[in-house]
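> 3D model of this:
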Amino acid sequence: MTLTTTAVLVPLLPFLGAVAGFLLGRRTPGFVRPLAVLPTLAAAALAVSVAVEQGGGPATDVATELTPTGSIPIDLALHIDGFAALIAVLVGVVATCVQIYSTGYLRDDPRYPSYAALVSLFTSAMLLVVYTGDLMVLLVGWEVMGICSYFLVGHYWETEAARAASLKAFLVTKLGDVPFLFGIFALAADAGTFRITGILGQVADGGLDHPTLIALLLLGGVAGKSAQFPLHTWLPDAMAGPTPVSALIHAATMVAAGVYVVARLLPVFAASAAALVVLAVMAAITMVGSGLAALAQDDIKRVLAYSTVGQLGYMLGALAVGDRGAAVFHLLTHGAFKALLFLGAGVIIHAAGTNSLAAMSRMSGLSRRIPDACWTVTVALLALAAIPPFAGFFSKEAVLGAAEHAATGGAHGIPGAAGWTVLIAGMLTALLTAAYAARLWLLAFKGKGAEAPQHGPQPVVMNAMLWVLFLPTVALGLAGPYLPDWFDGRSLTPTLNTSVLGTGLALIGGLVTYAAWRHTSALAARAPLGAVAVAPEAAPGLAEELAIESHAPAYGDAAGAPDPADPGRLLLGPLHRHAAVGFHLDAVYSALFVRPVRAAATLVAFLDREVVDTYVRGAGAAPRWLGAAVRRAQTGNVQTYLGALLAGSLVLALAAVLIATGTGA
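As a prediction, the model looks like this:
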């Protein structure tokens, strides 16, 4: 097959698998798992084939007009270059691991057929976004992912948390999609085409008429899809869905789509210094805020969710300083170790005896019960914390090196303010990332909560997928020297200054967290039996406040009493209560938007009921009353009719006399 044919099959096969799953899943249960796994596995293999054939050579562009529009045409276009080929491999591999893992994780779930079909459709939509060369076709995949996330996050629709989380994810991302759509229209109007190559050619030739406006509109959609401040609040709540879905969303689809779009259209953003500064500030706030929030979470999946928000901030920070290679490199390594972390969290949740949430403060004895998860998750956390020689170190240092290069004026056309903003926030986030990674490991595997009952052996496929993802988590960083030709030609080798400083801060964060854990453990050991040592700021009702503001259930579904040795409370101090609820951003949105909208809706309903309906009822009542009066006059008595006629004649005659008299006077 030609490269073009192979590339077309990559998103097509999961789509066909999804259609077959929807049509045949419930009728032929024996075909559900093959329909889920085989098309996605074949797509992953074909994506690898495309990447090998494409390599770092010139981009492959093929297009045919989809339909005449009378103005700007819409094309079925294929655009494959090095980084698109690599991201497609990431999507295919992670989706395959998720589908195989799900056969064990959801083996007794009655809704598994629809779940598997939705995962296939999700995968197909992301692959369409990656391979397409037309922004309108990209928008189709972009929106299909939003629909799939709504259904998958709400998979456990029996629970209020899942229903609320799915609705929140849909609405918040749609809020960002509105300016994104207008940004695409404005971009096409300026460039005269929806084709990505045409747009980039227009930027290179003479620029756009409104680059800042276009870039800021597009950033609205990116902030929603990639969960960046201020539209990031949906992602932690989306943890109410099945854990394999979380792995797919966080590692290879949905949130990665926003980063991919900015990377693909980076020259558009680079044409506006103001847009780059806004992007840098957005990424910096997201990185630091999510790191603090992650350090205060108790549910293991919410910790990983805030971690994803922060790592996406790193990627967008790299794009803000003009380095697409560093951003995509971190996207690739993050996809590997974050998928491993979430699938490992699924094993932990299964072992802890919960459904979709697991409070780390209630875990105990898991390191010996799930050794595969313990070892692989440990390595993934080291990669997350950017500890060498694991993959996360190389990609995160590439981001920090790019920020340092821009901060010192080495990047042409990139504002120094953007470089310094990303560099300082990135260093602080390195400290926080190592702190919450160490805290997660200590509470999950060395915690002293009451041990949950054994729930049987782990399915083999679940542990197998952990070891499959373990390999790129360990080794993918070593591919850095070979990747520049696949991107923009810039070196991805870590620089000395940021490597030493970043690694030093990570080690400090991990060691300080360990010391805080030892201190709180010692205090808990000396406390009276049954007493729980908590910080003074942790007033009663924190779990309830968490439940209200995050729409998640209070942490009570794991067995046993909570472990009082939580270093996060000691490290954050008075900030812990606010960080635990995402700095009350949901409450702010509720006060600024939800309550006013509800009040306006109540007013409109009152006006509609008491004013508009009154006029409508009056308009109907007046003819009815007139008709009743006329009906009463129709008695059928001839004498009455003659009397009325005579009376009317007299009235008319009298009126004529009065008028004539008045005229004569």
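
> helix or strand for residue 78, which one?
According to DSSP states H and E, residue 78 maps onto strand 74-80.

> what bits of the stretch 251-400 of the chain have low per-residue confidence?
Filtered on pLDDT under 70, the stretch 251-400 of the chain yields the residue ranges 353-358, 365.

> ok, 50 please
Within the stretch 251-400 of the chain, the segments meeting pLDDT under 50 span 356.

> quick one, helices of it?
Counting by DSSP state H, counting those that start in this stretch, the stretch 251-400 of the chain has helices at residues 255-264, 266-270, 273-294, 300-320, 324-352, 366-369, 371-384, 391-407.

> and after the lowest-mean-pLDDT helix or strand in the chain, which helix or strand comes next?
Taking mean pLDDT, DSSP states H and E as the measure, the chain has helix 542-550 as its least confident helix or strand, at a mean of 38. The helix or strand immediately downstream of helix 542-550 is helix 567-572, counting by DSSP H and E.

> just checking, which helix or strand succeeds that following helix along the chain?
helix 576-580.

> kindly export that next one (C-alpha atoms) in PDB.
Output of helix 576-580 as PDB, limited to C-alpha atoms (Å, rounded to 0.1, in the frame of the first residue of the first chain):
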ATOM      1  CA  HIS A 576      -4.100  23.200  52.100                       C
ATOM      2  CA  ARG A 577      -7.800  23.800  52.500                       C
ATOM      3  CA  HIS A 578      -8.000  26.100  49.500                       C
ATOM      4  CA  ALA A 579      -5.700  24.000  47.300                       C
ATOM      5  CA  ALA A 580      -7.800  20.900  48.100                       C
END
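
> that helix: which residues count as buried?
576, 577, 579, 580 (16 or more other Cβ atoms under 10 Å). Glycine gets a C-beta too; all of them are placed from N, C-alpha and C.

> and that helix, what does it pack against?
Helices and strands touching helix 576-580, by 3 or more Cβ pairs under 8 Å, 6 or more residues apart in numbering; DSSP states H and E, are helix 273-294, helix 542-550, helix 567-572.

> what two of the buried residues of helix 576-580 have the greatest distance between them?
577 and 579 (7.5 Å; Cβ to Cβ).

> picking up where we left off before, for the strand holding residue 78, packing partners?
Under the contact definition 3+ Cβ pairs under 8 Å, 6+ apart, strand 74-80 sits against helix 3-24, strand 60-67, helix 112-131, helix 135-153, helix 196-205.

> ok now the helix or strand following the longest one, how far from the chain's centre?
When you say that, I think you mean helix 3-24. Under the assignment DSSP H and E, the closest C-terminal helix or strand after helix 3-24 is helix 32-54. How far helix 32-54 lies from its chain's middle: 24 Å, per Cα atoms, centre = their mean, to the nearest Å.

> likewise stretch 70-87?
For stretch 70-87 - counting by Cα atoms, centre = their mean - the centre lies 23 Å from the chain centre.

> same question for stretch 617-633.
Worked out by Cα atoms, centre = their mean, stretch 617-633 lies 60 Å from the chain centre.

> next one: stretch 253-268
Centroid separation for stretch 253-268 versus its chain: 13 Å, with Cα atoms, centre = their mean.

> ditto for stretch 493-505
Using Cα atoms, centre = their mean, the mean C-alpha position of stretch 493-505 is found 30 Å from that of the whole chain.

> from the contact counts, what lies against the helix or strand hosting residue 658?
Residue 658 belongs to helix 638-664 when assigned by DSSP H and E. Applying 3+ Cβ pairs under 8 Å, 6+ apart, we find helix 638-664 packed against no helix or strand.

> which stretch among the helices and strands packed on strand 74-80 comes nearest residue 184?
Closest to residue 184 of the helices and strands packed on strand 74-80 is helix 135-153 (Cβ to Cβ; 5.1 Å).

> going by contacts, tell me the helices and strands next to the closest one.
By 3+ Cβ pairs under 8 Å, 6+ apart, helix 135-153 packs against strand 74-80, helix 112-131, helix 160-191, helix 211-225, helix 243-251, helix 255-264.

> could those go into CSV alongside mean neighbour count and distance to residue 36?
Converted to CSV, the helices and strands packed on helix 135-153 look like this (neighbours: other Cβ atoms under 10 Å; distance: least, Cβ to Cβ, whole Å):
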stretch, mean neighbour count, distance to residue 36
strand 74-80, 21, 26
helix 112-131, 26, 4
helix 160-191, 20, 21
helix 211-225, 23, 25
helix 243-251, 29, 11
helix 255-264, 26, 21
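
> follow-up on the earlier one: and the angle from the strand holding residue 78 to helix 135-153?
Going by axes from the mean of the first three to the mean of the last three Cα atoms, to 10 degrees, strand 74-80 is angled at 80 degrees with respect to helix 135-153.

> quick check: buried residues in stretch 261-274?
261-273.

> actually stretch 403-423, not the one I wrote
Quick answer for stretch 403-423 (16+ other Cβ under 10 Å): 403-407, 411, 414-415, 418-423.

> relative to residue 33, which of those residues is nearest.
Using Cβ to Cβ, residue 422 is the member of those that sits closest to residue 33, with 44.2 Å.

> test my guess that residue 387 contacts residue 509.
No: using Cβ atoms under 8 Å, residue 387 is not in contact with residue 509, being 10.6 Å away.

> would CSV of the helices and strands packed on helix 135-153 with distance to residue 491 be doable?
Shown next, in CSV, are the helices and strands packed on helix 135-153 (distance: least, Cβ to Cβ, whole Å):
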stretch, distance to residue 491
strand 74-80, 24
helix 112-131, 25
helix 160-191, 31
helix 211-225, 26
helix 243-251, 26
helix 255-264, 18
